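**Student:** Make a model of this:
(one chain, ligands or ions: 1)
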Amino acid sequence: MAPQRHVEPASVASTAVFHKDLFKGKVLFCTGGGSGICKAMTEAVMRHGAHAAIVGRKLDRLTASAKELSDATGNQCLPVQADVRDPKQVQDAVAKAVEKFGRIDFVICGAAGNFLAPISKLSENGFRTVIEIDTLGTYYTIKATLPHIRVTKGSYIHVSATLHYRGTPYQVHVSAAKAAVDATSTVLAVEEGPHGVRSNVIAPGPIGGTEGMDRLSARDASGKKQTWGGPLGRDGDVGDIANATVFLFSDAARFITAQVIVVDGGCEHVRPDP
Ligand code: HXC
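**Tutor:** You can find the predicted model right below:
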């Protein structure tokens with residue numbers, strides 16, 4: 001008989017564990033911060049006193065999210081429209097953030113594209129598009145922010161995935177893009193460590209209520225979304241990723257760099273049914 005599962009409730013607020021003023025005076029620059037996981041990561045950092053610039057393609061969504069984040073946290077959030085596939089737009093976004101806040105301490109490279117498509121059907125442009133958003137977008141963001149991060153001896157978090165640890169069908173574009181993101185973070189950590197800069201990756205597993213999961217989840221015959229059923233018996237929620245973010249940006253993680261932190265409730269270690 002299967003063991004009885006203890007199912008934890010949704011994640012606790014990081015403010016119940018970490019000091020509320022942990023990031024007072026700090027500034028976060030977050031691509032993809034207008035929605036989903038990256039918005040929750042931004043909110044958590046702001047709840048600990050930081051201001052933030054959130055970057056994305058859709059200004060209306062960014063503006064609404066920035067207001068929501070400011071109202072919820074009492075700190076300032078600047079919406080900046082930019083397509084991370086264009087290095088000039090990323091440079092301009094960084095300039096706007098620095099003009100507004102005077103510094104950047106933390107960077108989240110989170111802008112990502114995703115859809116399901118088998119190699120045989122995926123178009124060349126479809127593959128290129130995801131590489132451009134995820135991989136090149138990450139590189140352009142690093143390039144544009146690094147001079148500011150060196151000054152503050154700041155820290156990067158790159159949002160990756162666990163898809164590329166195995167051959168995940170219909171995800172060749174994302175798997176290739178995220179493998180490159182992981183490698184980029186490692187080199188960044190090694191090159192910039194001597195300047196006091198840290199770089200880590202968070203690899204989320206199945207996180208409920210996000211656009212990504214909504215697009216990628218398998219459904220049963222009735223159309224109901226299926227959970228991945230990891231050891232903890234639930235999908236994660238965005239708060240789980242937000243809490244890992246607060247920890248990694250905090251001084252509690254000051255000896256952690258060049259790492260990939262998998263936040264997936266142990267899903268990666270479950271042997272699939274034969
Ligand atoms: C096949 C597709 C496609 C689909 C786009 N393409 N969607 N091919 N199936 N569903 C192809 C198009 O046909 C086109 O190729 C090329 O990709 C570019 O598409 P466009 O729509 O013209 O580009 P754009 O408007 O820039 O949008 C592309 C996109 C978007 C950003 C990739 O489609 C998208 O995926 N948006 C969702 C963003 C998202 O959910 N982000 C969260 C990711 S979460 P052709 O050849 O026709 O010109 C995540 C976590 C993973 O990654 C882990 C979860 C467990």
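
**Student:** outside of the worst-scoring helix or strand of the chain on mean pLDDT, which residues touch it?
**Tutor:** Ranked by mean pLDDT, DSSP states H and E, the weakest helix or strand in the chain is helix 211-216, scoring a mean of 75. Residues from elsewhere that reach helix 211-216 (Cβ atoms under 8 Å, 6 or more residues apart in numbering): Ser35, Gly36, Ile37, Ala112, Asn114, Phe115, Leu116, Gln171, Pro206, Ile207, Lys225, Asp235. Heads up, the C-betas are built off the backbone N, CA and C, glycines and all.

**Student:** Next up, the contacts around the first one.
**Tutor:** Spelled out, that is Ser35. Gly56, Arg61, Ser65, Glu211.

**Student:** That one and Glu211, how far apart?
**Tutor:** 7 Å (Cβ to Cβ, to the nearest Å).

**Student:** Pro158 contacts Ser199, correct?
**Tutor:** Actually, residue 158 is His. It isn't Pro. Yes. If you go by Cβ atoms under 8 Å, His158 and Ser199 touch, sitting 7.2 Å apart.

**Student:** Do a quick rundown of the strands in the chain.
**Tutor:** Shown for the chain, the strands assigned by DSSP state E span residues 27-31, 51-56, 77-81, 106-109, 155-159, 198-204, 260-263.

**Student:** and of these, who's closest to Pro231?
**Tutor:** With Cβ to Cβ as the criterion, Pro231 lies closest to strand 260-263 of the strands of the chain, at 12.8 Å.

**Student:** returning to what we had before: which one of the contacts of Ser35 has the most neighbours?
**Tutor:** Counting neighbours by other Cβ atoms under 10 Å, Gly56 comes out on top of the contacts of Ser35 with 25 neighbours.

**Student:** Contact partners for that residue?
**Tutor:** Here Gly56 is in contact with Thr31, Gly32, Gly33, Gly34, Ser35, Leu62, Gln81, Ala82, Ala111 (criterion: Cβ under 8 Å, 6+ apart).

**Student:** Quick one: residues contacting the last one.
**Tutor:** Read it as Ala111. Thr31, Gly32, Cys38, Val55, Gly56, Val84, Ile133, Asp134, Gly137.

**Student:** at 6 Å what do you get?
**Tutor:** By Cβ atoms under 6 Å, 6 or more residues apart in numbering, the contact list for Ala111 reads Thr31, Gly32, Val84, Ile133, Gly137.

**Student:** quick revisit: which neighbours do His158 and Ser199 share?
**Tutor:** Shared contacts of His158 and Ser199, counting by Cβ under 6 Å, 6+ apart, come down to Ser185.
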